[in-house]
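**Q** sequence-free structure coming up:
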């Protein structure tokens, strides 16, 4: 190839083409690596967001459970209070009736 007329220029052109292709491949590998790093970062943010959403849902469940327990406790104490008041009223009326006889 080098012995032919213009062979050196052709060889130099091919060498330059190989070098350009290698550089382009290296650039592409770098671009792919950068894209992969960005995807990993996005995946980490998504996982973090998903974990946050899961925690928020668990907190909401706990808050609803606490509200239900509080409502139940209020109902129980209200029932006890009404029963106690009713019992005291009944006893007071019985005592009053006994004393006024």
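**A** Right, received. Where do you want to start? All figures in this text were calculated on a predicted structure; none of them were measured in a lab.
**Q** And stretch 44-60, what's buried?
**A** Using 16 or more other C-beta atoms under 10 Å as the test for burial, stretch 44-60 gives no buried residues. (C-beta placed from N, C-alpha, C; glycine too.)
**Q** Ok, stretch 71-80 next?
**A** Of all the residues in stretch 71-80, not one is buried under the rule 16+ other C-beta under 10 Å.
**Q** Let me know the average pLDDT across it.
**A** The average pLDDT for stretch 71-80 rounds to 82.
**Q** can you check stretch 44-59 too?
**A** In this model, stretch 44-59 has a mean pLDDT of 80.
**Q** which residues of this structure fall in helices?
**A** Ranges of helices within the chain are 7-99, based on DSSP state H.
**Q** What is the burial count for residue 93?
**A** For residue 93, the neighbour count with other C-beta atoms under 10 Å is 10.
**Q** One more: residue 70?
**A** Count around residue 70 with other C-beta under 10 Å applied: 10.
**Q** which ones are touching it?
**A** Under the criterion of C-beta atoms under 8 Å, 6 or more residues apart in numbering, the contact list for residue 70 is empty.
**Q** Now do it against residue 64, distance only.
**A** For residue 70, the distance to residue 64 equals 11 Å [C-beta to C-beta, to the nearest Å].
**Q** same check, this time on residue 94
**A** Taking C-beta to C-beta, one finds residue 94 at 45 Å from residue 64.
**Q** Distance from the chain centre to stretch 28-47, please.
**A** Here the centre of stretch 28-47 is set off from its chain's centre by 20 Å, with C-alpha atoms, centre = their mean, to the nearest Å.
**Q** Would you mind pulling the contact partners of that stretch?
**A** Here stretch 28-47 has no contacts from other residues, using C-beta under 8 Å, 6+ apart.
**Q** Would you mind listing the buried residues in it?
**A** Within stretch 28-47, no residue counts as buried by 16+ other C-beta under 10 Å.
**Q** now swap in stretch 16-30 and tell me
**A** Per 16+ other C-beta under 10 Å, stretch 16-30 contains no buried residues.
**Q** and that stretch, what's its mean pLDDT?
**A** Averaging pLDDT along stretch 16-30 gives 84.
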